[in-house]
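Colleague: Dropping a prediction and its sequence here:
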Amino acid sequence: MRLDVLNRGYSPSTKLLFTVIRLFSRQPVPDAAKLVFYRPDFYGSRAKEFTHEAMRGPSAWSVADRELMAAYVSKVNESAFCIGAHTATASQAYQDTPRVVAVLDDLDSAPVEEPLRATLRMLGKLIAAGTVSSADMREVLAAGVTPRQVEDALAVCTAFNTTNRLADAFGFEVLSPEGFASGAKYLLKRGYR
Amino acid sequence: MPDQDIKQATYRALVERVLNGEGSASAEQRVRAFGDVGLAAPLDALVGKVVARPTRVTEADFAAAKAAGFSEDQLFELVVCAAVGQSTRLYEAGLATLAEVTAEGKVG
């Protein structure tokens, strides 16, 4: 990563934890994990808590839908590490890689439910324009999405819009397909806390 | 606490911490990075990219900020503040439009 402290600035106990992760997963520790372990009191602890609430907390959206939203937000932001991580996680969660690939390739023609499509489209516009019009929001609600679901989707967008920016600013190393698959398995088993 | 309030309260705790908790960068610098306003060169370039086009950030942006006297810990904090600030503006914009549209629905 672009700051030496993010590569080396960890306590002996955290370094030991990283060694254990490497031994068990047989993969390098993802930079996303390292980031939240660096001075966790400043950012990591609360970021993990919010991300876990958004991704695994109570919601009418499934975990798979929320992982797809994370992948889609990452695609809009062109964030290579996060696209890889959440394409893998959404694919495992749905047990359906073609569905995830189709959404990221062309949302309009992808075989997904209209409420999810309308929600993803709204998130894309929000990120691109920094705002979303009333007309855009009415379309989402008209597609059958509840206001609560919109709030849930906005929380997912917020969590990953931040992670995307940090991944690209700090220069997260893109993992191998095996590395992303291993991380995805962990995220589906343990979540983000 | 209802579920939505927990989500938003958890987010507010994050924002509150990065802006007002202890840090290597001054609280004033963190607020400026969060808002992407009032920063001097070369930090303004780094923060501007984190906000608008993070894929364009380079080693040179960090090198220039370090040469201007910022430590790695200060840059870690300021980049985090810039990213969280931009996301906060999106979150608030989305929630505000939703509130507006759902209020119309109730009146109509």
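Modeller: Nice, I can see it. Numbering: from 1, shown residues only, chains lettered A, B, ... in the order given.

Colleague: does the helix ranked longest in chain A come close to chain B?
Modeller: Counting by DSSP state H, the longest helix found in chain A is helix A:147-170. Yes - applying Cβ under 8 Å from any Cβ of the partner chain, one finds helix A:147-170 touching chain B at A:147-148, A:150-152, A:154-155, A:157-159, A:161-162, A:164-170. All C-beta spots, glycine's among them, are computed from the backbone N, C-alpha and C.

Colleague: Buried residues of the helix or strand following that helix, list them for me.
Modeller: Sequence-wise, the next helix or strand downstream of helix A:147-170 (DSSP states H and E) is helix A:177-190. Residues A:179-184, A:186-188 are the ones in helix A:177-190 that count as buried (16 or more other Cβ atoms under 10 Å in any protein chain shown).

Colleague: residue boundaries of the helices in chain A?
Modeller: A:4-8, A:12-25, A:31-37, A:44-56, A:63-76, A:80-94, A:97-105, A:114-129, A:134-142, A:147-170, A:177-190.

Colleague: chain center to the shortest one: distance?
Modeller: Put plainly, it is helix A:4-8. 23 Å (Cα atoms, centre = their mean, to the nearest Å).

Colleague: Show the average pLDDT along it.
Modeller: Throughout helix A:4-8, pLDDT has a mean value of 96.

Colleague: how many neighbours does B:A52 have?
Modeller: Residues lying near B:A52 (other Cβ atoms under 10 Å in any protein chain shown) number 12.

Colleague: From B:D44, how far off is it?
Modeller: Applying Cβ to Cβ, to the nearest Å, the value for B:A52 to B:D44 is 12 Å.

Colleague: ok, for A:E173, nearest residue in space, not its chain neighbours?
Modeller: Excluding its sequence neighbours, the residue lying closest to A:E173 (Cβ to Cβ, 6 or more residues apart in numbering or on different chains) is A:D31, at 5.6 Å.

Colleague: Show me which positions of stretch A:66-82 end up buried.
Modeller: A:66-77, A:79-82.

Colleague: repeat for stretch B:60-79
Modeller: Within stretch B:60-79, the residues that qualify as buried are B:61-62, B:64-65, B:70, B:72-79, counting by 16+ other Cβ under 10 Å.

Colleague: circling back: the helices of chain A into a markdown table, with extra columns for distance to B:A40?
Modeller: Listed next are the helices of chain A as a markdown table, based on distance: least, Cβ to Cβ, whole Å:
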| stretch | distance to B:A40 |
| --- | --- |
| helix A:4-8 | 23 |
| helix A:12-25 | 34 |
| helix A:31-37 | 26 |
| helix A:44-56 | 28 |
| helix A:63-76 | 31 |
| helix A:80-94 | 30 |
| helix A:97-105 | 39 |
| helix A:114-129 | 28 |
| helix A:134-142 | 37 |
| helix A:147-170 | 19 |
| helix A:177-190 | 38 |
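
Colleague: out of those helices, which comes closest to B:A9?
Modeller: The closest of the helices of chain A to B:A9 is helix A:44-56. By Cβ to Cβ, the value is 9.4 Å.

Colleague: who's in contact with the closest one?
Modeller: A:35-38, A:63, A:66-67, A:70, A:152, A:155-156, A:158-159, A:162-163, A:191-193, B:6-7, B:10-11, B:13-14, B:17 (Cβ atoms under 8 Å, 6 or more residues apart in numbering or on different chains).

Colleague: ok, now with 7 Å
Modeller: A:35-38, A:63, A:66, A:155-156, A:159, A:191-193, B:6-7, B:10-11, B:13-14, B:17 (Cβ atoms under 7 Å, 6 or more residues apart in numbering or on different chains).

Colleague: same deal with stretch B:84-94?
Modeller: Stretch B:84-94 is contacted from outside by A:126-127, A:130-132, A:154, A:157-158, A:161-162, A:165, B:14-15, B:18, B:33-36, B:51, using Cβ under 7 Å, 6+ apart.

Colleague: ok, of those, which come out buried?
Modeller: Buried among the contacts of stretch B:84-94 by 16+ other Cβ under 10 Å: A:126-127, A:132, A:154, A:157-158, A:161-162, A:165, B:14-15, B:18, B:33-36, B:51.

Colleague: these two touch, right, B:V50 and B:C81?
Modeller: No - proximity of B:V50 to B:C81 does not meet the contact threshold set by Cβ atoms under 7 Å, at 9.1 Å.

Colleague: Thanks again, I'm all set now.
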